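*Asks:* Need the 3D shape of this:
(2 chains)
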Amino acid sequence: MQATSEDGSRPRAGNPLWLLAELTYRCPLHCVYCSNPVDYIRSGAELSTDSWLKVLREGRALGAVQLGFSGGEPLARRDLETLVREARALGYYTNLITSGIGLDERRIAELRTAGLDHIQLSFQDSTRELNDFLSHTRTFDLKLELARLIKQHGYPMVLNVVLHRQNLDHIEQILSMAERLGVEYLELANTQYYGWALLNREHLLPSREQIARAEEATRRFRERVTPNVKAYFVVPDYYENRPKPCMNGWGSVFMVVTADGIALPCHQARMLPGLEFPRVQQHPLRWIWYDSPAFNRFRGFDWMREPCRSCPERFKDFGGCRCQAYLLTGDSANTDPVCDLSPVHRTVVELVERAQRRSEPRSPLFFRDDRNSHKLGSH
Amino acid sequence: MTTTGGTQLTLGDVPVVPARCRLQWEAAQQGYVILYPEGMVKLSASAAEIVKRVDGRASIADILDSLAQAFPGADLRDDVLEFLNAGYERGWIEAQGR
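*Replies:* Next comes the predicted model:
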């Protein structure tokens, strides 16, 4: 990657490759680790079909080629088929990222005809009891049936199970479920601590032993099923000594557009203070990507402080995650404290140490719902 | 799925780009990409020459013959095998009947 322009003064951005369309914040599920903003209830009106079609065209013209339809639950939008049809005609690879609720065989077939390339279906667990508890819905049996129909209609399928303290010990069952369902990809991503998951961290942050066991089980599974199934396992950032190259760098390849039309360089950035994220109703995507102050704020390396500024690893990890830096240190320009070179890495170590003990959580468990969003939303 | 096991592809195998993947020209990148669920691989010009010959009928030996005609004098055997096996490992190349 070329990081700076010829005169070295200003980062030069490549084109976006990924566009994530968070079509709605509405969701029938109430997952305790939802990545939507805690105060989603205060967001503006949803974009119209025409506005989304404009976003899709502008994104494609910029060079974005992977398109995710996400939410909330994207199936809550009745115009999803229209958007998929246009996206596919524009040449996007179209991914539906869904809980499955709102899907039935007719809609599975219609989306296929519209040109949908792939469905990522999430389960909360391999057991009915915990799946239904964590999502606060009775959806487990429905999801099993949908998984069967998705495969029957010829879609490639990613099974996504978010892992955490409550379900990590079911890993063997989760792996067998993936094999039984005949999925091509299995995403076992541990919860990262933003938004709702941060509120519920005490309930969700696993022990070191839980992660080690699950990682080992996944390794054995991978050995047995490669290349039929690709299994990805992502550990919680808190257990790393070096930060992830979050989004491959701020404003490097990824753009999110939220239900109410705010363009972001990652899922979480909306809550960062001091940044004004542009609205797609007011600006073309090209300006937003290349010229808006928000998308340029953490591009390149000039914004960095020590220890990142002189670190040889800055070209690899880009200083880690701006949102994690803000949530754990109060300043989004600091080094991601997951890094053991951060002066406040101790904060993360203490959280991890606490997770090794089996004590009753002191805070209540907050389900993601409108009432809690009203109550807990910060602005 | 048409693939089993983790073994390597050899000259007699017939490679195919699976239906879930799509080979596409990207003007913004001035190159071919293979798209698959939630990911993509960007192909170099020479990699694209290989993938364009992957049609589910030609064996790897056939593909080498075709490349030798188009680019006489180059010994591509090891490069082609290495590239196709990398794709096989990552799931954007499969082999007919395996």
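*Asks:* mind listing what the residue nearest the centre of chain B touches?
*Replies:* The centroid of chain B falls nearest to residue B:51 when counting by CA atoms, centre = their mean (4.1 Å). Residues counted as contacts of residue B:51 (CB atoms under 8 Å, 6 or more residues apart in numbering or on different chains) are B:17, B:23, B:32, B:34, B:43. For glycine as for every other residue, the C-beta is placed from the backbone atoms N, C-alpha and C.
*Asks:* In strands, which of these appear?
*Replies:* B:23, B:32, B:34 (DSSP state E).
*Asks:* which residues does the second one form a beta bridge with?
*Replies:* Think residue B:32. In this entry, residue B:32 is beta-bridged to residue B:25, by DSSP bridges.
*Asks:* ok, the closest residue to residue A:102 other than its chain neighbours - how many residues close by?
*Replies:* The shortest distance from residue A:102 to any non-neighbouring residue, by CB to CB, 6 or more residues apart in numbering or on different chains, is to residue A:75 (3.1 Å). By the measure other CB atoms under 10 Å in any protein chain shown, the count of residues near residue A:75 is 24.
*Asks:* on that earlier part again, would you check how far apart the residue nearest to the centre of chain B and residue B:10 are?
*Replies:* 18 Å (CB to CB, to the nearest Å).
*Asks:* ditto for residue A:70
*Replies:* Counting by CB to CB - residue A:70 and residue B:10 are separated by 41 Å.
*Asks:* Comparing these two, which shows the higher neighbour count?
*Replies:* Applying other CB under 10 Å to residue A:70 and residue B:10 shows that residue A:70 carries more neighbours, namely 22 against 12.
*Asks:* Provide a list of residues in contact with that one.
*Replies:* Neighbours of residue A:70 in contact, by CB under 8 Å, 6+ apart: A:20-23, A:97.
*Asks:* Redo these as a markdown table? Include pLDDT, distance to chain B and neighbour count.
*Replies:* Converted to a markdown table, those look like this (pLDDT from 0 to 100; distance: CB to the nearest CB, whole Å; neighbours: other CB atoms under 10 Å in any protein chain shown):
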| residue | pLDDT | distance to chain B | neighbour count |
| --- | --- | --- | --- |
| A:20 | 98 | 11 | 22 |
| A:21 | 98 | 14 | 25 |
| A:22 | 98 | 16 | 24 |
| A:23 | 98 | 17 | 24 |
| A:97 | 98 | 9 | 21 |
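*Asks:* Give the helix, strand or coil label for residue A:233.
*Replies:* For residue A:233, the assignment made with DSSP: H, G, I helix; E, B strand; the rest coil gives strand.
*Asks:* what about the strands in the chain?
*Replies:* No chain specified, so I'll use chain A. A:18-22, A:66-70, A:93-98, A:118-123, A:157-163, A:185-190, A:230-234, A:254-257, A:263-264.
*Asks:* ah, no, chain B please
*Replies:* Counting by DSSP E, one finds strands in chain B at the ranges B:15-16, B:22-26, B:31-36, B:39-42, B:94-95.
*Asks:* Let me know which of these is tucked in deepest.
*Replies:* Mean neighbours per residue, mean count of other CB atoms under 10 Å in any protein chain shown, is largest over these for strand B:94-95, with a mean of 24.
*Asks:* From the contact counts, what lies against it?
*Replies:* Packing partners of strand B:94-95 (3 or more CB pairs under 8 Å, 6 or more residues apart in numbering or on different chains; DSSP states H and E): strand B:15-16.
*Asks:* Could you tell me what pLDDT the model assigned to residue A:227?
*Replies:* According to the prediction, residue A:227 has pLDDT 72.
*Asks:* ok, it touching residue B:88?
*Replies:* Yes: the criterion here is CB atoms under 8 Å, and residue A:227 meets it with residue B:88 at 6.6 Å.
*Asks:* Show me which positions of the longest helix seen in chain B end up buried.
*Replies:* As assigned by DSSP state H, the longest helix anywhere in chain B is helix B:77-90. Buried residues in helix B:77-90, defined by neighbour count with 16 or more other CB atoms under 10 Å in any protein chain shown: B:80-81, B:83-85, B:87-88.
*Asks:* Between all of those, which two are separated the most?
*Replies:* B:80 and B:88 (12.2 Å; CB to CB).
*Asks:* Not counting its neighbours along the chain, what's nearest residue 36?
*Replies:* Since you didn't name a chain, this refers to chain A. residue A:25 (5.6 Å).
*Asks:* if you could check chain B rather than the one you did, that'd help
*Replies:* Nearest one to residue B:36, counting by CB to CB, 6+ apart, is residue B:21 at 4.5 Å.
*Asks:* What of residue A:263?
*Replies:* That would be residue A:288: by CB to CB, 6+ apart, it lies 4.7 Å from residue A:263.
*Asks:* Surely that neighbour touches residue A:295?
*Replies:* Yes: at 6.3 Å, residue A:288 counts as touching residue A:295 under the criterion of CB under 8 Å.
*Asks:* intersection of neighbour lists for the two?
*Replies:* With CB under 8 Å, 6+ apart, residue A:288 and residue A:295 have common neighbours A:263, A:278.
*Asks:* show me where pLDDT drops low in the stretch 151-300 of chain A?
*Replies:* Filtered on pLDDT under 70, the stretch 151-300 of chain A yields no residues whatsoever.
*Asks:* Same question for chain B.
*Replies:* Ranges of chain B meeting pLDDT under 70: B:1-6.
*Asks:* mind running it again at 50?
*Replies:* Across chain B, the ranges flagged by pLDDT under 50 are B:1-5.
*Asks:* residues from it in reach of chain A?
*Replies:* Chain B comes close to chain A at residues B:1, B:3-4, B:6, B:19-20, B:22, B:24, B:26-29, B:33, B:35-40, B:88-91, as judged by CB under 8 Å from any CB of the partner chain.
*Asks:* Hmm, residue A:281 and residue A:45 touching each other?
*Replies:* No: with contact defined as CB under 8 Å, residue A:45 and residue A:281 do not form a contacting pair (10.0 Å).
*Asks:* Which one of these two is surrounded by more residues?
*Replies:* residue A:281 (15 against 9).
*Asks:* any idea how far residue A:289 is from the more buried one?
*Replies:* 16 Å.
*Asks:* ok so, going back, for the residue nearest to residue B:36, what are its contacts?
*Replies:* B:34-36, B:92.
*Asks:* tell me the two of those residues that are most distant?
*Replies:* Using CB to CB, the pair of those lying farthest apart is B:35 and B:92, separated by 9.0 Å.
*Asks:* so residue A:170 makes contact with residue A:129?
*Replies:* No: with contact defined as CB under 8 Å, residue A:170 does not count as touching residue A:129 (10.3 Å).
*Asks:* The two - which one has more neighbours?
*Replies:* Taking neighbours as other CB under 10 Å, residue A:170 and residue A:129 compare with residue A:170 leading, 17 against 9.
*Asks:* Any figure for the gap between the residue lying closest to the more buried one once chain neighbours are set aside and residue B:51?
*Replies:* Excluding its sequence neighbours, the residue lying closest to residue A:170 (CB to CB, 6+ apart) is residue A:126, at 5.2 Å. Plainly put, residue A:126 is 37 Å away from residue B:51 if you go by CB to CB.
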